[in-house]
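>>> I need the structure of the sequence given here:
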Amino acid sequence: MTLTTALAPRDPWSVVPSLGNLDAYIRSVQAIPMLAPEEEQSLARRLRDQQDLQAASRLVLSHLRLVVSISRQYMGYGLPQGDLIQEGNVGLMKAVKRFDPDQGVRLVSYALHWIKAEIHEYILKNWRMVKVATTKAQRKLFFNLRSLKHQFKGEADAVNVGRACLSEHDIQRMATELNVRPEDVIEMETRMAGGDVALEAPADDDGDGPVAPLAYLADEVHEPTRVIEAHRRDWLASDGIALALDQLDARSRRIVEERWLQVNDDGSGGMTLHELAAEYGVSAERIRQIEVAAMKKMRKALTEVVEA
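Numbers count the residues shown, from 1 in each chain. Next comes the predicted model:
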């Protein structure tokens, strides 16, 4: 039995009605409380170390509301929200199965990528709008046209102008932003306002090879490796700096702080090499040497922590 099929034991899932009654489903999942960080960590370790499916069920249940929230972002494609939620739930289960509690990120951040990936794939398979052999630029236009139309409509004070909402100025702006011809914008707008045309990955693409539209849909900000990297950068800029400064003697620490940490964005604040030299009764070159040695020591301390 796979994890995905076994994630629905009778007791924990009995509180969630089927998607046949979508309103009741949404109300019920929103009533399920989120997990505290400590509880989430404990459940994730139970799943990873003991293959505890009860723990997996609780992790999934507590994040079903996240899938509902994400599904609303894609309702403009004309697909049933219930179907979007079902596909997003599959992505959530995949995220739970692969979640590593030792990576230092919450499941909600990690799961975003997997949920959106499943929804994107569902859209590409079922929303038949872009013809076969379309170019990469047209696919990019397809997945950005709707959001840009809403943006332009929000900026406009006048009523809709031609082709549902796009004025000539809007068409030119959109073509410039997406690096396509104005004619391409008009054609795609016409398709989206009209009937269905097949959306499939092309067999070839001007010799560059196929590029999945998912590449344009992917939310790189919440991609797991980027989340981990951002968390690491935040740590280095705060606790990491404090840890590295603790490795220095008092004089070296003050020199580093005055030369680097007390300086404002406009360049004001802090002290120059000559000001520090006068205070400590040494040459400016000696202050520079101390600064270089201190920075090297700090870099070594941070490297050891990051690689540990």
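>>> shaky segments in the stretch 51-200 of the chain?
For the stretch 51-200 of the chain, the stretches with pLDDT under 70 are 127-140, 142-143, 146, 152-166, 190-200.
>>> in the helix or strand containing S252, what's buried?
Using DSSP states H and E, S252 falls within helix 250-256. Buried residues in helix 250-256, counted by 16 or more other CB atoms under 10 Å: 252-256. C-beta here means a position set from N, CA and C on the backbone, and glycine is covered the same way.
>>> now swap in stretch 175-193 and tell me
The neighbour-count check on stretch 175-193 (16+ other CB under 10 Å) flags 175, 178, 180, 184-186, 188-189, 191-192 as buried.
>>> now stretch 71-88
Judged by neighbour count using 16+ other CB under 10 Å, the buried positions of stretch 71-88 are 71, 74, 77, 79, 82, 84-88.
>>> Pick out the most distant pair among the residues you listed.
Y77 and Q86 (15.0 Å; CB to CB).
>>> picking that back up, out of the buried residues of stretch 175-193, who's nearest G281?
Nearest to G281 among the buried residues of stretch 175-193, with distances taken as CB to CB, is L178, at 62.6 Å.
>>> Quick check, that closest one in contact with L141.
Yes. Using CB atoms under 8 Å, L178 makes contact with L141 at a distance of 5.3 Å.
>>> intersection of neighbour lists for those two?
The contact sets of L178 and L141 overlap at V185 (CB atoms under 8 Å, 6 or more residues apart in numbering).
>>> could you say what helices and strands the biggest helix by length in the chain packs with?
Counting by DSSP state H, the longest helix found in the chain is helix 284-307. Packed against helix 284-307 by the contact rule (3 or more CB pairs under 8 Å, 6 or more residues apart in numbering; DSSP states H and E) you find helix 241-245, helix 250-256, helix 273-280.
>>> could you say what helices and strands the shortest one packs with?
The criterion is 3+ CB pairs under 8 Å, 6+ apart, and the helices and strands that helix 241-245 contacts are helix 284-307.
>>> Ok, the last one next?
Helix 273-280 sits against helix 284-307, with contacts defined as 3+ CB pairs under 8 Å, 6+ apart.
>>> related to what we said a few turns ago, looking at the buried residues of stretch 71-88, which is nearest L47?
Among the buried residues of stretch 71-88, G88 lies closest to L47 (CB to CB), at 19.8 Å.
>>> For the closest one, pull up the helix or strand it's in.
helix 81-98.
>>> on contacts alone, who are the packing partners of that helix?
Looks like helix 81-98 contacts helix 3-6, helix 22-31, helix 53-61, helix 64-71, helix 107-126 (3+ CB pairs under 8 Å, 6+ apart).
>>> With distance to G267 added, can I get the ones you listed in CSV?
Formatted as CSV, the helices and strands packed on helix 81-98 follow (distance: least, CB to CB, whole Å):
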stretch, distance to G267
helix 3-6, 56
helix 22-31, 50
helix 53-61, 49
helix 64-71, 43
helix 107-126, 36
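>>> Out of those helices, which gets nearest to K97?
helix 3-6 (5.0 Å).
>>> pLDDT averaged over the closest one, what's the number?
Throughout helix 3-6, pLDDT has a mean value of 41.
>>> Check what pLDDT S252 gets.
For S252, pLDDT reads 93.
>>> One more: P224?
For P224, the model assigns a pLDDT of 57.
>>> sorry, back to before: got a markdown table for the helices and strands packed on helix 284-307, with distance to D170 too?
A markdown table is the format used below for the helices and strands packed on helix 284-307 (distance: least, CB to CB, whole Å):
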| stretch | distance to D170 |
| --- | --- |
| helix 241-245 | 46 |
| helix 250-256 | 52 |
| helix 273-280 | 55 |
